[in-house]
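Novice: Requesting a structural model of the entry that follows:
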Amino acid sequence: MGKKYANKQVLLKSYVEGNPSEDDFELKMSYTSSHIPHGSNAVFLKNIYLACDPALRFRLSADDLSDNIDLLKSFNLGSVIEGFGVAKVIKSTIPDFEEGNYVWGVVGWEEYSMIENPKVLFTIKYTDVPLSYYVGILGMVGLTAYFGINNMSSVKAGEVVYKSTAAGGVGLLAGQFAKMMNCYVVGSTSTDEKVDLLKNKLGFDDAFNYKKEDLGEALKRVCPNGIDVYFENVGGAMLDEVILHMKSHGRIAVCGMISQYGLKEKYGIQNLFHLITKCIRMEGFSANTNYWKLYPQYLEWAIPLIRDNKIVYFQDIAKGLESAPAAFTGIFHGKNIGKAVVKIVADE
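Specialist: Below you'll find the model as predicted:
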């Protein structure tokens with residue numbers, strides 16, 4: 001029989017309208033067992049780090065808009081929040097995950113998780129880098145930036161690349177990846193401090209505070225000849241304006257629309273006709289796409305760059321599972337610089 005563990009958990013208390021608040025979550029103490037029934041394919045994990053990903057907002061709504069995408073399906077009220085995390089294997093009946101292994105993938109927002117037939121779980125091969133990187137630059141966030149720049153946007157040297165939410169987890173990486181391809185990279189963010197970070201620490205060619213400047217005028221200033229590639233994470237009025245500044249045959253890669261999450265009435269895009277006149281290609285992608293098959297390739301590319309300090313990476317780490325609701329809700333108000341992460345345990 002398995003050992004029993006006291007297990008602190010974060011549950012969904014109420015469905016969210018608009019931006020989530022800490023009151024939408026509930027902290028609960030329960031008990032769980034490491035016992036895995038005979039014949040089951042499961043792993044029992046001690047969770048170490050959790051990612052605060054904006055896409056979780058989809059799963060907090062009563063209306064399920066997932067289109068059968070598992071990672072976007074709505075949570076049931078009273079259920080444990082799930083998301084990407086790093087964990088240590090305590091017990092396993094799956095040969096790929098041995099006791100003592102570190103893994104990253106979809107886990108519960110709790111101290112211990114029993115995962116049956118895991119669909120998104122990877123053994124951590126390289127442990128000479130911080131384990132927390134696997135909920136960011138070496139996990140879904142990094143792969144999203146890599147896939148968005150290389151595959152979805154087909155970025156070429158010399159092109160103008162614009163990244164909204166540029167100081168967030170995906171943004172700061174996507175911008176640097178584009179710079180490595182000799183592009184002219186500009187970004188927008190929500191504070192002057194973050195603008196300075198983009199220009200003087202991350203190597204962006206230009207950046208602006210969208211809360212202080214008129215968006216259209218700012219885009220004319222930083223991209224006077226237009227935009228070849230827009231890596232989209234905002235939607236709404238931002239997307240509407242950017243379309244006007246796209247070059248002919250420009251590309252828009254869409255993996256998020258944070259301004260529209262939870263709104264009953266979505267912003268109606270007015271300028272879509274320019275997709276025709278400018279021959280713009282706009283395409284969405286998510287963590288449910290076949291980009292997972294690129295993960296080994298991405299890992300082998302990124303690890304040497306990290307070891308050689310050729311990528312600047314920031315994490316905003318909150319401590320303790322009880323801090324998860326505040327850390328998550330904070331990303332909708334621009335409180336994080338870099339990837340928002342929750343560290344559950346102090347001994348790893």
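
Novice: For N47, which residues are in contact?
Specialist: By Cβ atoms under 8 Å, 6 or more residues apart in numbering, the contact list for N47 reads G85, V86, A87, V107, G108, E110, E111, Y112, S113, I344, V345. From N, CA and C alone the C-beta is placed, and that goes for glycine too.

Novice: Now the buried members of these.
Specialist: With burial judged by 16 or more other Cβ atoms under 10 Å, the buried subset of these is G85, V86, A87, V107, G108, E110, E111, Y112, S113, I344.

Novice: Which strand residues bridge the first one?
Specialist: Here G85 sits in beta bridges with L50, G105, going by DSSP bridges.

Novice: show me the contacts for it.
Specialist: Residues near G85 by Cβ under 8 Å, 6+ apart: N47, I48, Y49, L50, A51, W104, G105, V106, V107, V135.

Novice: Quick check: the first one vs K73, distance?
Specialist: Read it as N47. Distance, N47 to K73, by Cβ to Cβ, to the nearest Å: 21 Å.

Novice: Please produce CSV containing the contacts of N47, extended by secondary structure and distance to V222.
Specialist: Formatted as CSV, these follow (DSSP: H, G, I helix; E, B strand; the rest coil; distance: Cβ to Cβ, whole Å):
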residue, secondary structure, distance to V222
G85, strand, 36
V86, strand, 36
A87, strand, 41
V107, strand, 39
G108, strand, 42
E110, strand, 43
E111, coil, 45
Y112, strand, 47
S113, strand, 44
I344, coil, 40
V345, coil, 43
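
Novice: would JSON lines of the residues you listed with pLDDT and distance to L121 be doable?
Specialist: Output for these, formatted as JSON lines (pLDDT from 0 to 100; distance: Cβ to Cβ, whole Å):
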{"residue": "G85", "pLDDT": "97", "distance to L121": "10"}
{"residue": "V86", "pLDDT": "98", "distance to L121": "11"}
{"residue": "A87", "pLDDT": "97", "distance to L121": "9"}
{"residue": "V107", "pLDDT": "97", "distance to L121": "8"}
{"residue": "G108", "pLDDT": "97", "distance to L121": "13"}
{"residue": "E110", "pLDDT": "97", "distance to L121": "16"}
{"residue": "E111", "pLDDT": "97", "distance to L121": "18"}
{"residue": "Y112", "pLDDT": "97", "distance to L121": "15"}
{"residue": "S113", "pLDDT": "97", "distance to L121": "10"}
{"residue": "I344", "pLDDT": "96", "distance to L121": "17"}
{"residue": "V345", "pLDDT": "80", "distance to L121": "19"}
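
Novice: Kindly give the local confidence score, pLDDT, for S66.
Specialist: Among the per-residue scores, S66 shows a pLDDT of 63.

Novice: list the helices and strands the one helix or strand E283 maps to packs on?
Specialist: Element membership of E283 [criterion: DSSP states H and E] is strand 281-284. When contacts are defined as 3 or more Cβ pairs under 8 Å, 6 or more residues apart in numbering; DSSP states H and E, strand 281-284 sits against strand 246-254.
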